[in-house]
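**Q** output the structure for:
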Amino acid sequence: MSRKLVALGSIASILGGTALAEVPDVATDVTPVHSLVARVMEGVGTPELVIAQGASPHEYSLRPSEARALQDADLVFWIGEDLTPWMENSIETLAEGAKVISLLESDGTELLDFREGALFEAHDHDSHGHGDEGDDHDGHDDAHDDHAEEEEHAHDDHDEHDEHHKDEGHEHDDHAEADHDDHDGHDDHHGHDHGDHDPHAWLSVENASVWLNTIAAALSAADPDNAGTYYANAAAGREELAQLVGEIGGVLEPVRGKRFVVFHDAYQYFETDFDFPASGAISLSDASDPSPARIAEIQERVANEGIACVLSEPQYDQKLVATVMDGTPAKTAVIDPLGVDLELGPNLYPQLLRNLATSLAGCL
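**A** Below is the predicted model of the structure:
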């Protein structure tokens, strides 16, 4: 009887070799990246989310559990320094032995330069390039004088934030610091002083589709026994995204040509993918407080140019949106580029884009 058990155990070990293979520990930065990685790892493992859902990725203190996720990681997938400049130091310190993949730097990623100024024109959406080719775009060197001053202040703030991480390592407060009130007194302080490219590249379905293969390749290199599953999941995910493009196009088509402004300029990848351009942004970026002059520009456009919709976000000051809309027939809706209220997992990313399109179309 005992010999039969031993034999059965040996067979199970042989047949179950792939299932028993050690799955790499994976850490991700923001929820859309977590969702894409979860889609590729489906049936094999689950990634860890480093930046708490609902928190601002621009200014954040890691919880001990999140620091451990980086410390234990074999692989780290993140958007890159342009989105979370503080995180580079955390990765270098805590994930020293991990393979780190910056999705903004992965082959095939389409990058867009930042738009300067409160008002956007149609030609802004024609200036996207492939990979580092975006560095050659015209217009970025002609930034406004106040933009240069903003960069100087933001650079100083970043240096101070880096020192905070060096001193404290991963023994940070056990809560996320997502409150934008810390930016009071920093007029138009913003978070894109670390690169020329808009880091909200996950809002392009084309980029997400490319990244699924990037993620599968990195996971397969670290875990060859499960490579077939990773690549099959990535292929299935790409097909799902292709169908999503058609679905979103159908949602937007009835309101195509109507005009809207957004709270902050984070959506040009989505706008470019679906040829549905915004007319302006109240705020320059996620981490900025708009100047009175910028608000006045947006107010004038909303009042005089038939803007139908002003889009807000859950974490930002609704009073500013009300100020911009005052005295106009424009409507408002809330959109969310990070999936704050969605369930973590493979379905978050497509649902995030679906919700964005539905909210935009409903507002218009």
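**Q** and the strands in the protein, which stretches?
**A** Counting by DSSP state E, the segments of the chain that form strands are 26-28, 48-49, 75-78, 99-102, 110-111, 129-130, 260-264, 280-283, 309-312, 331-334.
**Q** and the third one, what's buried?
**A** Spelled out, it's strand 75-78. Along strand 75-78, the positions that meet the burial threshold by neighbour count (16 or more other Cβ atoms under 10 Å) are 75, 76, 77, 78. From N, CA and C alone the C-beta is placed, and that goes for glycine too.
**Q** I'd like the residues you listed as TSV, with pLDDT and distance to residue 117 appended.
**A** TSV is the format used below for these (pLDDT from 0 to 100; distance: Cβ to Cβ, whole Å):
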residue	pLDDT	distance to residue 117
75	98	39
76	98	35
77	98	33
78	98	29
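**Q** got a list of what residue 263 touches?
**A** The contact partners of residue 263, taken as Cβ atoms under 8 Å, 6 or more residues apart in numbering, are 281, 282, 283, 310, 311, 312, 313, 316, 320, 321.
**Q** can you do 6 Å?
**A** Contacts here follow Cβ atoms under 6 Å, 6 or more residues apart in numbering; on that basis residue 263 touches 282, 283, 312, 313, 316.
**Q** buried subset of those?
**A** In these, burial by neighbour count holds for 282, 283, 312, 313, 316, counting by 16+ other Cβ under 10 Å.
**Q** quick check: the second one touching residue 265?
**A** No: the pair residue 283 and residue 265 fails to qualify as a contact (Cβ atoms under 6 Å) at a distance of 7.3 Å.
**Q** mind showing which ranges of the stretch 151-300 of the chain have poor pLDDT?
**A** Low-confidence regions of the stretch 151-300 of the chain, defined here as pLDDT under 70, cover residues 151-195, 285-288.
**Q** show me what contacts the residue nearest to residue 333 when sequence neighbours are not counted?
**A** Closest residue in space to residue 333, ignoring its immediate chain neighbours: residue 363 at 3.6 Å, by Cβ to Cβ, 6 or more residues apart in numbering. The contact partners of residue 363, taken as Cβ under 6 Å, 6+ apart, are 309, 331, 333.
**Q** list only those of those flagged as buried.
**A** Buried subset of these (neighbour count, 16+ other Cβ under 10 Å): 309, 333.
**Q** ok, the contacts of residue 363 vs residue 345, which is closest?
**A** Checking the contacts of residue 363 against residue 345 by Cβ to Cβ gives residue 333 as the nearest, at 25.2 Å.
**Q** for that closest one, give its distance to residue 229.
**A** Using Cβ to Cβ, to the nearest Å, one obtains 39 Å as the distance from residue 333 to residue 229.
**Q** now do residue 99
**A** Computed with Cβ to Cβ, the distance linking residue 99 and residue 229 is 19 Å.
**Q** who's more crowded, these two?
**A** With neighbours defined as other Cβ atoms under 10 Å, residue 99 and residue 229 compare such that residue 229 has more, 19 against 16.
**Q** quick check: that one touching residue 45?
**A** No: counting by Cβ under 6 Å, residue 229 does not reach residue 45; the two are 10.0 Å apart.
**Q** just list what the lengthiest helix in the chain packs against, helices and strands only.
**A** Longest helix in the chain by number of residues, with DSSP state H as the criterion: helix 227-252. Using 3 or more Cβ pairs under 6 Å, 6 or more residues apart in numbering; DSSP states H and E as the contact test, the elements touching helix 227-252 are helix 31-41, helix 205-222, helix 348-363.
**Q** same list (those) but as a markdown table, adding distance to residue 57.
**A** What follows is these, written out as a markdown table (distance: least, Cβ to Cβ, whole Å):
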| stretch | distance to residue 57 |
| --- | --- |
| helix 31-41 | 9 |
| helix 205-222 | 17 |
| helix 348-363 | 15 |
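**Q** kindly compare burial across those and name the winner.
**A** Comparing the helices and strands packed on helix 227-252 by mean neighbour count (mean count of other Cβ atoms under 10 Å), helix 31-41 comes out on top with a mean of 27.
**Q** export that helix as CSV, just CAs?
**A** Taking Å, rounded to 0.1, in the frame of the first residue of the first chain, the C-alpha atoms of helix 31-41 are listed here in CSV:
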residue,chain,number,x,y,z
THR,A,31,-4.4,50.2,-10.6
PRO,A,32,-4.6,50.1,-14.4
VAL,A,33,-1.1,48.5,-14.5
HIS,A,34,-2.2,46.0,-11.8
SER,A,35,-5.2,45.1,-13.9
LEU,A,36,-3.2,44.4,-17.1
VAL,A,37,-0.6,42.4,-15.2
ALA,A,38,-3.4,40.5,-13.4
ARG,A,39,-4.9,39.7,-16.8
VAL,A,40,-1.7,38.1,-18.0
MET,A,41,-1.1,36.2,-14.7
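**Q** that older thread, nearest to residue 61 among the contacts of residue 363?
**A** When the contacts of residue 363 are compared for distance to residue 61, the smallest value, 31.5 Å, is given by residue 333; criterion: Cβ to Cβ.
**Q** end-to-end on stretch 26-44?
**A** 12 Å (Cα to Cα, to the nearest Å).
**Q** contacts for it?
**A** Among residues not part of stretch 26-44, those counted as contacts by Cβ under 6 Å, 6+ apart are 23, 47-51, 53, 57, 69-70, 73, 75-78, 84, 202, 211, 215-216, 226, 229-230, 233-234, 237, 338-339, 345-346, 348-349.
**Q** let me see the mean pLDDT of that stretch.
**A** Summarised as a single mean, pLDDT over stretch 26-44 is 98.
**Q** show me how far it is from its chain's centre.
**A** The chain centre lies 13 Å from the centre of stretch 26-44; the measure is Cα atoms, centre = their mean, to the nearest Å.
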